[in-house]
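Chemist: Sequence first, predicted coordinates after that:
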Amino acid sequence: MADRVNGATGAPVRALRLKRGWFAWSNQGPVTVVDPDGDTLRVVQSARRGGKPAVVRFAAVKLDASVSAPDAVPEAIGKAISAALGNLNLKPGPVVMAVPRGLVFLRPLTLPAAGSIEELASMVQFQISKDLPFRLEEAVVDFAVLRFLAPSAPLAAESPKTAAQKAEGTDIGQPVRAERSTSREPAQSPDSARRGPESTSSDGAPPMTGNSGVSAQVEVLAAVLKNEIVERYARIAAAAGFKLASLGLRSCANARCVGIRGATGSPQAVALISLRSDEATIEFVADQSVVFSRVASVTRSADSTTAAGDTARATHSRPEEQKAPEVGLPPGNEDGFIQSITTEFVRSLHSYESAAGHAPVEKILITGGTGYEPALVSAWSRRFQPPCELFVPTSAFGVEGADKESGAGALAVLGLAFGAQDLEGLPIDFLNPKRPPVARNWGRIKAVSAAGVLALLLLGVAGLRSHQTNRRLQAKEQVQAQVTQAEKNRPLFRDMRLKAKTARDWMAEKRNWLDHYALLSSLLPSSQDVYLTSLSTGARGVIHLSVQARSGEILAQMDKRLREAGYEVKPLAVTPGTDKFGYPFRSSVELTLSGKTKTDLKTATPLARPADDASLDTPNPKPVSSASQPPPAADNSEAAGRRLRRSQP
């Protein structure tokens, strides 16, 4: 809407009105405005054409007199509106309505310039709560930015009258006289603020912050509406079967249509008198903003001497206690009506001109469809210096399909239609009010943050523990696989340990058993006469032999040769027995090493290898019958001796 001023730096900052959520789709389709006025329902559809708001359709239909009463049931009003829209073959999308001025508590406030619209909303609610005759939770509060005041010197001391007025609390209908600054600098209007710092300096307006460092201020119009009134309009929309997208203020809708500026660049004001079946309002509009608003209290009689006192009481009463002013006068009583409304206008004009920084009234516009407007224009044209005109909104904006009678009271409905298509939205919207920032419970935030950090730590510890556990399990599985493999190789390991022990024992005894093995291979008879079944060594240099022989003479010959070689031979024990290879004599020989034993392998000559010895040949894959197979050559002492000699280094 206009620029706001940063209190710390004094730089103008763009401060648009808070956009409503539904205005995001307002450019995609028409918006329907519904405005009941007594027994007349005015309907306007608007859309954006060429980037500007435009009226698409205008219609005015009659309603049943039973639903035009102030105490009509909302459901009955909604059904009557739904029937009227059906007769017009109109299927509305988002719908906008407005509340009368008499049901709203208005108050102009001068506040420090805030950094955001949320901070400004917080200050408005705090300030307006002091003047409300009810709790703030029972009402909806919204506001519109009027203008930004240039910073000036400290204000002078308040007069006793001003202090008393502030203590009592006044409505916008009776504004408090603002303290004038010593510099007499004019306030910055929204239009001059909208043009930015360059245009402000060209107009001769003062900078937003002075050398004294005084912060800039903003003037806002605060509006308060009871919750039950908002609920009443919601019930009307629900009964009518459409979605109520916005609920504006009728006074702001009027200002949207008649706000102007003078040709010289200085702000000009327009006095607007709107006559309707339910109320008569006197408003002063500058730059499309309501700067003064009052509900006029007019009587049916010609005696209107008490009108001023009635007005004061009406504007300060609770919204639900206010009664609709009497404007539907019977024929022949125009003089009383004109006198009453004239008195109200004169008092309102004096109150408006008493405010500091007010703009001069350029003209007086009278609008409405009550039938008394032409007579009022004629009477005021002779009495007041500013020109007085009859304002027909549909004719002024070139609305098609509207006659003079139905379009005379269409000011509010057209203002809502234009305002609904503005990018900033309606200046005051009781369905989508500007709200202060959400109060932060720092204690709870800290507790939740601490709990979150603790949870993250626990998750981290749990994750690290799981990672380490998985690593250990993988190591365990690898070790378990190695243990399983080792269990399978245990017999082999045992055999290797036994062989290693035997080798160590041989080395510890310092006996070269392999030489004795080779010597025995040369001393024993050939494998055609004898073959070994077992060969082992024992402690104290003892060699045990088990042999199979073909005859006893061969065993005796073997005993003789062993003794000649230096071995101590125990008596042979010959045992006859059967043998499948034809060696019927079995004997066990125990040889004891002595000092006489000589193991000179150079003189030992092994027996010749038999022609049919296949112990060192490659195994024949063809099966050989056991009957024709000779004794195992592997057990031949001569072959065993040859293998031992080849294995020696």
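Modeler: Perfect, I can see it now.
Chemist: phi, psi of Val285?
Modeler: Dihedral pair for Val285: phi -120, psi 130, per degrees, to the nearest 10.
Chemist: Could you check how far it is from Arg347?
Modeler: According to C-beta to C-beta, to the nearest Å, Val285 and Arg347 sit 18 Å apart. Backbone N, C-alpha and C define where each C-beta goes, glycine included.
Chemist: again with Gln268
Modeler: 22 Å.
Chemist: What strand or helix carries the spatially closest residue to Ile273 that is not a sequence neighbour?
Modeler: Nearest residue to Ile273, sequence neighbours excluded (C-beta to C-beta, 6 or more residues apart in numbering): Ile366, at 4.8 Å. According to DSSP states H and E, Ile366 maps onto strand 361-368.
Chemist: Measure how the following helix or strand past that strand sits relative to strand 361-368, angle-wise.
Modeler: Where DSSP H and E defines the elements, the next helix or strand beyond strand 361-368 is helix 373-383. Angle, helix 373-383 to strand 361-368, by axes from the mean of the first three to the mean of the last three C-alpha atoms, to 10 degrees: 160 degrees.
Chemist: Show me what counts as buried in helix 373-383.
Modeler: Under the neighbour-count criterion of 16 or more other C-beta atoms under 10 Å, helix 373-383 has 373, 376-377, 379-380 buried.
Chemist: Around Ala439, how many other residues sit close by?
Modeler: When neighbours are counted by other C-beta atoms under 10 Å, Ala439 registers 7.
Chemist: Need the three-state assignment for it.
Modeler: coil (DSSP: H, G, I helix; E, B strand; the rest coil).
Chemist: just Ala455 next, same as before
Modeler: helix.
Chemist: So it versus Ala462, what's the distance?
Modeler: The gap separating Ala455 from Ala462 is 10 Å, by C-beta to C-beta.
Chemist: With Pro437 instead?
Modeler: 37 Å.
Chemist: now Lys596
Modeler: Taken as C-beta to C-beta, the span from Lys596 to Ala462 is 82 Å.
Chemist: hey, where'd the strands end up in the stretch 101-250 of the chain?
Modeler: 105-112, 139-149, 217-226, 243-249 (DSSP state E, counting those that start in this stretch).
Chemist: quick one: average pLDDT of the shortest one?
Modeler: By that I understand strand 243-249. Here strand 243-249 scores 92 as its mean pLDDT.
Chemist: which residues touch that strand?
Modeler: Contact with strand 243-249 is made by 20, 22, 31, 93-99, 101, 104, 223, 230, 233-234, 236-237, 416, 419-420, 425-432, as judged by C-beta atoms under 8 Å, 6 or more residues apart in numbering.
Chemist: just to revisit the earlier point, could you dump the buried residues of helix 373-383 into TSV and include distance to Val589 and pLDDT?
Modeler: Formatted as TSV, the buried residues of helix 373-383 follow (distance: C-beta to C-beta, whole Å; pLDDT from 0 to 100):
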residue	distance to Val589	pLDDT
Glu373	153	89
Leu376	156	91
Val377	156	90
Ala379	161	90
Trp380	157	92
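Chemist: before we move on, which element is Arg563 in?
Modeler: helix 552-564.
Chemist: Give the next helix or strand downstream of that helix.
Modeler: strand 568-569.
Chemist: Each with direction, which strands does that following strand pair with?
Modeler: Under the criterion DSSP bridges, strand 568-569 sits next to strand 585-592 (antiparallel) in its sheet.
Chemist: buried residues in the partner strand?
Modeler: 585-587, 589-591.
Chemist: and if you look at stretch 227-247?
Modeler: By neighbour count with 16+ other C-beta under 10 Å, stretch 227-247 contains the buried residues 229-230, 232-233, 235-237, 239-240, 242, 244-247.
Chemist: Closest to Val145 out of those residues?
Modeler: Ser246 (18.0 Å; C-beta to C-beta).
Chemist: picking up where we left off before, show me what the helix holding Arg563 packs onto, helices and strands only.
Modeler: Applying 3 or more C-beta pairs under 8 Å, 6 or more residues apart in numbering; DSSP states H and E, one finds that helix 552-564 makes contact with helix 513-523, strand 530-538, strand 542-549, strand 568-569, strand 585-592.
Chemist: hmm, try it at 7 Å
Modeler: If you count contacts as 3 or more C-beta pairs under 7 Å, 6 or more residues apart in numbering; DSSP states H and E, helix 552-564 packs onto strand 568-569, strand 585-592.
Chemist: Mind checking those strands for the one nearest to Leu514?
Modeler: strand 585-592 (15.2 Å).
Chemist: Quick check: mean pLDDT of the closest one?
Modeler: Strand 585-592 comes out at a mean pLDDT of 86.
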